[in-house]
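Asker: pasting the sequence and the predicted coordinates here, then a few questions.
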Amino acid sequence: MFSEDSLVPISALQHLVFCERQAALIYLERQWADNRLTVEGSHLHAHADELGRRSETRGEVRICRGLALRSLRLGLVGRADVVELLRLPEAEAASGAALPGVAGRWRPFPVEYKRGKPKRDTSDKVQLCAQALCLEEMLDVAVPEGALYYGRRKRRYPVSFDAAMRQHTEATIQRLHRLFASGQTPRAKREPKCSRCSLLRLCLPDAMAPERSAAGYLEGALRALAKERG
């Protein structure tokens, strides 16, 4: 079990899967920079949270926004964009969670909002699965599935939290704890995905390439700057 002061953010898991150096820059060095993609993502999250931290009921579903999450077993803390709680029929009630002051038994269904479209990597799925693991610990109930909502497609994509997904998520959580414990930012490595990263100018992967001299990098950076300014 982890102590309260050793919990790491659930949101860092997505960054870690995308790039370990990006995760370190954001969460160890506290660096950040927006680009069009991050701004669009922030607007989408704001839309998901526009009704505040309140919950509402729609038929047999209770909708909770901005729900605080924590797992002492995994050492995680954070918030869920949306958790839908489905009221279970009497025959399935034993497998549901009891909610304080609310009649019936309920099954949690986490929903994470993302801009763009489904990714090739598992970053979004790992983040969502980690939320489910927190909900299971907090409510003492199984959370078999959730969904990712992508703003560009304007639709949900179901995510099953099977054994393989859970194992992958827990292994990623362990990697994140090792990164935080090390306190060290990994060396930059230029990859095609770097062009999509808002921290590109803070990370400077080209400057750290072993085959390039400092003078060569500076010359290229000045040419790029001159090109941007027309």
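Answerer: Sure, I can see it.

Asker: residue 86 pairs with what?
Answerer: Under DSSP bridges, the beta-bridge partners of residue 86 are residue 61, residue 107.

Asker: for it, give me its contacts.
Answerer: 60-61, 106-107, 109 (CB atoms under 8 Å, 6 or more residues apart in numbering). Yep, even glycine has a C-beta here, placed from its N, CA and C like the rest.

Asker: repeat that for residue 172.
Answerer: Applying CB under 8 Å, 6+ apart, the residues near residue 172 are 13, 16-17, 126.

Asker: what's the answer for residue 20, then?
Answerer: Shown in contact with residue 20 (CB under 8 Å, 6+ apart): 175, 179, 186.

Asker: buried sites along stretch 180-188?
Answerer: 180, 185, 188 (16 or more other CB atoms under 10 Å).

Asker: identify all contacting residues around stretch 135-145.
Answerer: By CB under 8 Å, 6+ apart, stretch 135-145 touches 69-74, 80, 83, 95-97, 107-110, 132-133, 158-161.

Asker: are any of those buried, and if so which?
Answerer: Looks like the contacts of stretch 135-145 have 69-72, 74, 80, 83, 96-97, 107-110, 132-133, 159, 161 buried, using 16+ other CB under 10 Å.

Asker: which of these fall in helices?
Answerer: In helices, defined here by DSSP state H, the members of these are 132-133.

Asker: next structured bit after the helix or strand of the chain with the lowest mean pLDDT?
Answerer: When the helices and strands of the chain are scored by mean pLDDT, DSSP states H and E, helix 36-48 comes last with a mean of 45. Next helix or strand after helix 36-48 toward the C-terminus (DSSP states H and E): strand 55-58.

Asker: show me what that following strand is packed up against.
Answerer: strand 61-71 (3 or more CB pairs under 8 Å, 6 or more residues apart in numbering; DSSP states H and E).

Asker: domain map for the chain?
Answerer: In the domain annotation for the chain, the residue ranges read 4-182, 192-228 (automatic domain parsing).

Asker: looking only at pLDDT, what's the mean for the shortest one?
Answerer: Mean per-residue pLDDT for domain 192-228: 67.

Asker: i'd like the first residue to be 50 from this point on
Answerer: Renumbered: residue one is now 50, and that last one reads domain 241-277.

Asker: turn the buried residues of stretch 229-237 into CSV, columns for distance to residue 216, secondary structure and pLDDT.
Answerer: Output for the buried residues of stretch 229-237, formatted as CSV (distance: CB to CB, whole Å; DSSP: H, G, I helix; E, B strand; the rest coil; pLDDT from 0 to 100):
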residue, distance to residue 216, secondary structure, pLDDT
229, 21, helix, 96
234, 27, coil, 92
237, 29, coil, 85
